[in-house]
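Q: Please work out how this folds:
(chains A and B)
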Amino acid sequence: MADKTELHYTAEHEWVLVDGDTATVGITAYAAEKLGDVVFVELPAVGSDVASGTVVGEIESTKSVGELFAPVNGTVSAINDAVVDSPELVNSDPFGEGWLIKVSFTELPSFLSYAEYSALVGE
Amino acid sequence: MTSADTSAPTTPTRYSPLHQAHVDAGASFTDFAGWQMPVRYSSDLAEHHAVRTAAGIFDLSHMAEIVVAGPDAGAFLDYALAGKLSAIELLQAKYSLILNEAGGIIDDIVVYRTNENEYLVVANAGNRFQAFEALSARSARFDVSVVDQSDDVALIAVQGPNSRAILEATEGLEVDGELSALKYYRALGGTYRDGTVLIARTGYTGEDGFELYVDVPDAAALWDALVVAGKAHGLVPAGLASRDTLRLEAGMPLYGHELNTSTYPAQAGLGRVVSLAKDTDFIGRAASEEGPSADARVLVGLVSAGKRAGRADYEIFPSADATEAAGVITSGALSPTLGFPIAMAYVAPALAQLGTEVFVDVRGSRIPATVTSLPFYKRQK
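A: The predicted structure follows:
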């Protein structure tokens, strides 16, 4: 599990782990908690181009539907097949085994820091 | 990531007399009709499965309790409600409806006969004032009192196959009779400590279970005693999220989703609840006799394959490429017990035949679904 304080965050309750030119993306524990038990995850195809701020997937719980936004412009280099088979990973380990997609990018937008995101969700 | 669940409180926030117990149990809360109620404690799914296989305990203290008492109580309710309440026996319960003059549904309720001339009307939290006002306004020519006791009464439900064993093991809960002999939709009096309790074999989950009406000052201690007794029986506290999927599987309507003031009972499959055989007039009778128009949409069950569930307000189409919607989902989820998507929906009569294939617009994609009978889930007795 990634160190939460080292991750980047978005106002859409996603976290972004940057490693070289690859961004690993997941939803935060706060978002997972708000959704409730995740029962279905739909992710974009590997190789598809994504634009920052656009909807690229869905995360459904028993109660509601959340949208996955691309946090960067780039190309999807990997998706987490384990989370497609076992959506509950989003709840049990949102910052680790519950990661969703990896995107290769050329440029990063500005993100929220851990402190800024914590302030946003009031925790 | 954003959530489609955007319920905002519209009234001053209210808290259950059991609020502290929920906080202590780690509950997440949601606004429900102005009340902060537990939506889940840990996991919706775990709570759902616990009720199907062991037991769950729910706080329903937000629901409204209206006491109708007086020599004319039975005759008054026969006039004010769709059913014939004068005919129910002492400590019998009956599901009924408050209709408006146009035959639409103001609320769906459960009525208990608590004495020869006294009834307890249990209304939805969101309809507390509408229900009370309707009953009060209709009582003018009857020798009857209508009193809203919602603020004084807490409601705890214990639901699931182990419910009876839990109640029987609960310290301080004395029942005037045998729970083992208590039939569905019947109640018994009792006491917890020094206060009176009404123990009913009713519920909203599709499982065996009980609902306990208790005075507010005793409610927290009774909740704790039930939880302690339930430890050996797999009892878990369960929130409104699991309650919603449980009642959906059981095909039970939820006011504001399947029922509203512009829906006729007949459309909702509740024609049997409207007692047209009653020999007296009642509010909504004339409109009910006329019934909905022939092209009025009717409530059906829908099942589909895969995991993507249609949800409330998603439109239904007769074909994959039809441009005009012929129905709408009112409640839908991936069924935790069955493992496939289920929904209740209003569809045009032409689509209501069992086995009809329809298409649900799930955020832009048309997902096939099959019209099926309700309920989706029925417990093995």
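
Q: residue closest to the middle of chain A?
A: What sits nearest the mean C-alpha location of chain A, by C-alpha atoms, centre = their mean, is residue A:26, with 2.1 Å.

Q: In space, what's closest to the residue in the stretch 151-300 of chain B that chain A sits nearest to - neighbours in sequence excluded?
A: When scored by C-beta to the nearest C-beta, the stretch 151-300 of chain B has residue B:241 as its residue closest to chain A, at 5.2 Å. (Glycine included, C-beta is placed from N, CA and C.) Excluding the flanking residues, the one nearest residue B:241 by C-beta to C-beta, 6 or more residues apart in numbering or on different chains is residue B:44, at 4.1 Å.

Q: so what's the one you found up against?
A: Each residue near residue B:44 by C-beta atoms under 8 Å, 6 or more residues apart in numbering or on different chains is listed here: A:36, A:37, A:61, A:62, A:63, B:239, B:241, B:242, B:245, B:336.

Q: Quick one: which of those has the lowest pLDDT value?
A: The member of the contacts of residue B:44 with the lowest pLDDT is residue A:63, at 85.

Q: Doesn't that residue belong to a strand?
A: No - counting by DSSP: H, G, I helix; E, B strand; the rest coil, residue A:63 falls outside a strand, being coil.

Q: mind checking how far it is from chain B?
A: Distance, residue A:63 to chain B, using C-beta to the nearest C-beta, to the nearest Å: 5 Å.

Q: I'd like the average pLDDT over the longest helix seen in chain B.
A: Taking DSSP state H as the assignment, the helix of chain B that covers the most residues is helix B:216-230. Mean pLDDT, computed over helix B:216-230, is 98.

Q: and the gap between the residue nearest to the centre of chain A and residue A:19?
A: Separation of residue A:26 from residue A:19 (C-beta to C-beta, to the nearest Å): 14 Å.

Q: Touching stretch A:73-80 from outside, list them.
A: Residues contacting stretch A:73-80 (C-beta under 8 Å, 6+ apart): A:22-23, A:43-52, A:56, A:89, A:98-107.

Q: what do you get for stretch A:32-41?
A: So stretch A:32-41 is in contact with A:13, A:27, A:57-64, A:66, A:83-84, A:87-88, A:90-91, A:94, A:98, A:100, B:3, B:5, B:28, B:39-40, B:43-46, B:241, B:307-309, B:334, going by C-beta under 8 Å, 6+ apart.

Q: Filter these down to the buried ones and hand me the ChimeraX line.
A: Here is the ChimeraX command that selects the buried residues among the contacts of stretch A:32-41 (16 or more other C-beta atoms under 10 Å in any protein chain shown):
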select /A:13,27,57,58,59,60,61,62,63,64,66,83,87,88,90,91,94,98,100 /B:3,28,39,40,43,44,45,46,241,307,308,309,334
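
Q: returning to what we had before: the longest helix of chain B packs against which elements?
A: helix B:19-24, strand B:55-59, strand B:153-159, helix B:163-168, strand B:173-175, strand B:187-192, strand B:195-200, strand B:235-237 (3 or more C-beta pairs under 8 Å, 6 or more residues apart in numbering or on different chains; DSSP states H and E).

Q: Take the ones you listed and lay them out in JSON lines including distance to residue B:360, mean neighbour count and mean pLDDT.
A: Converted to JSON lines, these look like this (distance: least, C-beta to C-beta, whole Å; neighbours: other C-beta atoms under 10 Å in any protein chain shown; pLDDT from 0 to 100):
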{"stretch": "helix B:19-24", "distance to residue B:360": "35", "mean neighbour count": "15", "mean pLDDT": "98"}
{"stretch": "strand B:55-59", "distance to residue B:360": "30", "mean neighbour count": "28", "mean pLDDT": "98"}
{"stretch": "strand B:153-159", "distance to residue B:360": "30", "mean neighbour count": "24", "mean pLDDT": "98"}
{"stretch": "helix B:163-168", "distance to residue B:360": "35", "mean neighbour count": "21", "mean pLDDT": "98"}
{"stretch": "strand B:173-175", "distance to residue B:360": "46", "mean neighbour count": "17", "mean pLDDT": "98"}
{"stretch": "strand B:187-192", "distance to residue B:360": "40", "mean neighbour count": "19", "mean pLDDT": "98"}
{"stretch": "strand B:195-200", "distance to residue B:360": "37", "mean neighbour count": "20", "mean pLDDT": "97"}
{"stretch": "strand B:235-237", "distance to residue B:360": "32", "mean neighbour count": "24", "mean pLDDT": "98"}
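
Q: for the residue in the stretch 51-200 of chain B that chain A sits nearest to, what are its contacts?
A: Residue nearest to chain A within the stretch 51-200 of chain B (C-beta to the nearest C-beta): residue B:51, separated by 13.5 Å. Taking C-beta under 8 Å, 6+ apart, we find residue B:51 in contact with B:159, B:160, B:205, B:207, B:238, B:242, B:246.

Q: Make a ChimeraX selection of the buried ones in the contacts of stretch A:73-80.
A: Per 16+ other C-beta under 10 Å, the buried members of the contacts of stretch A:73-80 correspond to this ChimeraX selection:
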select /A:23,43,44,50,52,56,89,98,99,100,101,102,103,105
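
Q: For chain A, just list every one of the strands.
A: Counting by DSSP state E, chain A has strands at residues A:8-9, A:14-19, A:22-27, A:38-42, A:49-50, A:55-61, A:65-69, A:74-79, A:101-104.

Q: closest to residue B:285 out of the ones you listed?
A: For the strands of chain A, the distance to residue B:285 is smallest for strand A:65-69, at 41.8 Å, taking C-beta to C-beta.

Q: relative to strand A:55-61, how tilted is the closest one?
A: If you take axes from the mean of the first three to the mean of the last three C-alpha atoms, to 10 degrees, strand A:65-69 sits at 150 degrees to strand A:55-61.

Q: Not counting its own residues, what contacts strand A:65-69?
A: A:10, A:12, A:14, A:25, A:27, A:31, A:35, A:43, A:53-60, A:100-101, B:1-4, B:311, B:363.

Q: and what of stretch B:81-88?
A: Identification of contacts with stretch B:81-88 by C-beta under 8 Å, 6+ apart yields B:74-75, B:77-78, B:94-99, B:109, B:111, B:113, B:119, B:265, B:273-275, B:277-278, B:282, B:284, B:288.

Q: This completes my enquiry, with thanks.
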